[in-house]
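1. Let me see the structure of the following:
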Amino acid sequence: MSILARWILHAVALMTIGYLYSGVQVTDFVAALVAAFVIGLLNTLVRPILVFVTLPVTVLTLGFFLFIINAALFWFAAGMLDGFKVDGFVAALIGSLIYSVMGVVIDWVT
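-> Now for the predicted structure:
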């Protein structure tokens, strides 16, 4: 039940980002559910590999390169889906930052 609640809350977070920030568009709640699922899969499967491969750069930038990895995965997810659109890499960076902050709050609440 907790996984389902977190998934729905992350979809609500994506809808909120689409409402608050014009660089990210989410057409409807079903698209937000699919996007939250895809972002979750990418963060679970692809992100650890990217973090490992880019570890030297991440260390040199004192961890700031992780923001680039998050933005790239956010942008990649938007490129794969129809109802979820990001206007560019800067929009993906801002959207992923907002999504990360909302994700921390969701994890704290649940």
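2. Spell out the residue ranges of the helices in this protein.
-> With DSSP state H, the ranges of helices along the chain come out as 2-20, 29-45, 47-53, 55-60, 65-80, 89-109.
3. Make TSV out of those helices and add mean neighbour count and mean pLDDT.
-> Glycine gets a C-beta too; all of them are placed from N, C-alpha and C. Output for those, formatted as TSV (neighbours: other Cβ atoms under 10 Å; pLDDT from 0 to 100):
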stretch	mean neighbour count	mean pLDDT
helix 2-20	16	95
helix 29-45	18	96
helix 47-53	12	97
helix 55-60	12	96
helix 65-80	19	96
helix 89-109	16	95
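4. count of neighbours near the closest residue to Gly88 other than its chain neighbours?
-> Closest residue to Gly88 apart from its sequence neighbours, by Cβ to Cβ, 6 or more residues apart in numbering: Gly23 at 7.2 Å. By other Cβ atoms under 10 Å, the residues close to Gly23 number 16.
5. from memory Gly23 sits against Ala91, does it?
-> Yes: with contact defined as Cβ atoms under 8 Å, Gly23 reaches Ala91; the gap is 2.9 Å.
6. distance of the nearest residue to Leu42 once chain neighbours are set aside from Asp28?
-> Nearest in space to Leu42, with sequence neighbours left out and distances taken as Cβ to Cβ, 6+ apart, is Leu73 at 4.7 Å. For Leu73, the distance to Asp28 (Cβ to Cβ, to the nearest Å) stands at 22 Å.
7. one step back: distance check, the residue nearest to Gly88 against Phe65.
-> 21 Å.
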